[in-house]
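Undergrad: A predicted structure for the sequence below; I have some questions about it.
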Amino acid sequence: MCRRAGRADDGPPLSRRVPDPNMRRLLSITYIVFCLDMGIFLFILPWEPFWQKNYFSDHYPLVAAMAGNYFLRGAISGLGVADVWLAIHEIWRLFHRSAS
């Protein structure tokens, strides 16, 4: 039997349902942990020795030249800083939302 969308006994549509506050908090914490991990990883990794000594840089000269470029390393570290900043902002929003 085919159900029609929008019947009165179905409840509000998915776009209008308010998510559970505990689920929002859990998703926010997961997002914060992900951003912090990726930010720290992207901030530190370009300056490690592993960055220039890997399979791809050994087999492809263009990749080796790009891996040694300090501007590229700085840009990737900048993405890491942006991720950490985003995590800090989300932490602030999480505590600000909880207080009000």
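TA: In hand now; what should we look at? Numbering: from 1, shown residues only.
Undergrad: so the nearest residue to L72 once chain neighbours are set aside is in which element?
TA: Nearest residue to L72, sequence neighbours excluded (C-beta to C-beta, 6 or more residues apart in numbering): M66, at 5.8 Å. Quick note: C-beta positions are derived from backbone N, CA and C, even for glycine. In the assignment (DSSP states H and E), M66 maps to helix 61-67.
Undergrad: Go ahead and name everything in contact with that helix.
TA: 51-52, 56-58, 72 (C-beta atoms under 8 Å, 6 or more residues apart in numbering).
Undergrad: And the helices in this structure?
TA: Ranges of helices within the chain are 21-44, 55-59, 61-67, 70-99, based on DSSP state H.
Undergrad: Who are the contact partners of the spatially most central residue of the chain?
TA: Among the residues of the chain, the one closest to the centroid is C35, at 4.2 Å (C-alpha atoms, centre = their mean). Going by C-beta under 8 Å, 6+ apart, C35 touches 83-84, 86-87, 90.
Undergrad: From I32, how far off is G80?
TA: 15 Å (C-beta to C-beta, to the nearest Å).
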